[in-house]
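Engineer: My questions concern the predicted model and sequence given below.
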Amino acid sequence: MEFIAVSPISKKVHKLALMLKEMDVNVYIYGEEGVGKSFLAKFIAPNAIIYNEKLKDINQEIIIENISQIPVNFKRIIATGSTPLFGDLKEKFTMQIELKPLKDRKEDIPAFIEYFTNKAQQELNIQKTISPIKNPKNLHTLKQDIYKQLLCSDYDKNDIITILKQFFDKNYTSEDSYNSMLKIFDKALIEVLLKKYKSKLQVANHLKINRHTLTKKVNELEN
């Protein structure tokens, strides 16, 4: 797994992460949204499983995103959160790592743009050049901007079907239902039309469906 470290701050984190990969200690990673906490967790413990309440008898490395749900039995834990730990929770972790926001490590941004662009071009099978992106808020918005730029080219229906096939091929699991997959399409279409026409009545008329049916769909998508 590639670790992007151009700025002095990220280089220090990278050096520490390389050491922690070889150490059987619990690690807590904190920082604001979209700084790369989950990525760093997987870099330190690439074979770890994502913890959820369904898992029992943990005896291997795990990654948790809700620090309040630490399981009783575990071999090693890599946790992420938004703020540093104190008190009893802090005692459970040998190391805490703070990931600074992008504005504090601007030297990393061009490398992240190149990484996400290459990844998006491969996933979408689109070789379009993107426009410059200045001062992204975080890695989430940066990735979204790149994908939006690539997807906002002129495509016909066959191109869109190909992109959707690639998405479902990569993201569909046996736990997903037909309706849950349709919600992805519904959400995109309805949000675009509501923004364009401003009125649920106009959107319903353009989609040729009952206004009450549209309202029901909107409420379902919001839940």
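Structural biologist: Arrived safely.
Engineer: Now the residue nearest the centre of the chain: closest residue in space that isn't a chain neighbour?
Structural biologist: Central residue of the chain (Cα atoms, centre = their mean): residue 140, 6.4 Å from the mean position. Nearest residue to residue 140, sequence neighbours excluded (Cβ to Cβ, 6 or more residues apart in numbering): residue 34, at 4.0 Å. Bear in mind the C-beta positions are built from the backbone N, C-alpha and C, glycine included.
Engineer: Wasn't that neighbour part of a helix?
Structural biologist: No: using DSSP: H, G, I helix; E, B strand; the rest coil, the secondary structure at residue 34 is coil, not a helix.
Engineer: ok, it - contacts?
Structural biologist: Neighbouring residues of residue 34 by Cβ atoms under 8 Å, 6 or more residues apart in numbering: 102, 137-141.
Engineer: Tell me which two of those sit farthest apart.
Structural biologist: For the contacts of residue 34, the maximum inter-member distance is 10.5 Å, found between 102 and 140 (Cβ to Cβ).
Engineer: and the contacts of residue 34, which are buried?
Structural biologist: Taking 16 or more other Cβ atoms under 10 Å as the criterion, what is buried in those is 102, 138-139.
Engineer: Mind putting those residues into a markdown table with secondary structure and pLDDT?
Structural biologist: Below are the buried ones among the contacts of residue 34 laid out as a markdown table (DSSP: H, G, I helix; E, B strand; the rest coil; pLDDT from 0 to 100):
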| residue | secondary structure | pLDDT |
| --- | --- | --- |
| 102 | helix | 92 |
| 138 | coil | 92 |
| 139 | helix | 92 |
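Engineer: Turn those into a markdown table, including distance to residue 127.
Structural biologist: Below are the buried ones among the contacts of residue 34 laid out as a markdown table (distance: Cβ to Cβ, whole Å):
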| residue | distance to residue 127 |
| --- | --- |
| 102 | 26 |
| 138 | 26 |
| 139 | 23 |
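Engineer: how about the helix or strand where residue 9 lies: buried residues?
Structural biologist: Assigned by DSSP states H and E, residue 9 belongs to helix 8-21. Neighbour-count burial for helix 8-21, counted by 16+ other Cβ under 10 Å, picks out 9-10, 13, 17, 20.
Engineer: Can I get the lengthiest strand in the chain as CSV, trimmed to CA atoms?
Structural biologist: Using DSSP state E to define each element, the chain has its longest strand at strand 76-81. What follows is strand 76-81, C-alpha atoms only, in CSV (Å, rounded to 0.1, in the frame of the first residue of the first chain):
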residue,chain,number,x,y,z
ARG,A,76,-3.9,-5.9,18.7
ILE,A,77,-6.1,-2.8,18.1
ILE,A,78,-5.7,0.1,15.7
ALA,A,79,-8.4,2.8,16.5
THR,A,80,-9.3,6.1,14.9
GLY,A,81,-11.1,9.1,16.3
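Engineer: Tell me what angle the helix holding residue 9 forms with strand 76-81.
Structural biologist: Using axes from the mean of the first three to the mean of the last three Cα atoms, to 10 degrees, one finds that helix 8-21 and strand 76-81 are set 150 degrees apart in direction.
Engineer: Paired strands for the helix or strand just after helix 8-21, with orientation please.
Structural biologist: Note on helix 8-21: by DSSP H and E, the next helix or strand toward the C-terminus is strand 27-30. Note on strand 27-30: by DSSP bridges, its sheet partners are strand 76-81 (parallel), strand 95-98 (parallel).
Engineer: which of those sits most buried?
Structural biologist: Sort the strands paired with strand 27-30 by mean neighbour count, taking mean count of other Cβ atoms under 10 Å, and strand 76-81 sits at the top with a mean of 22.
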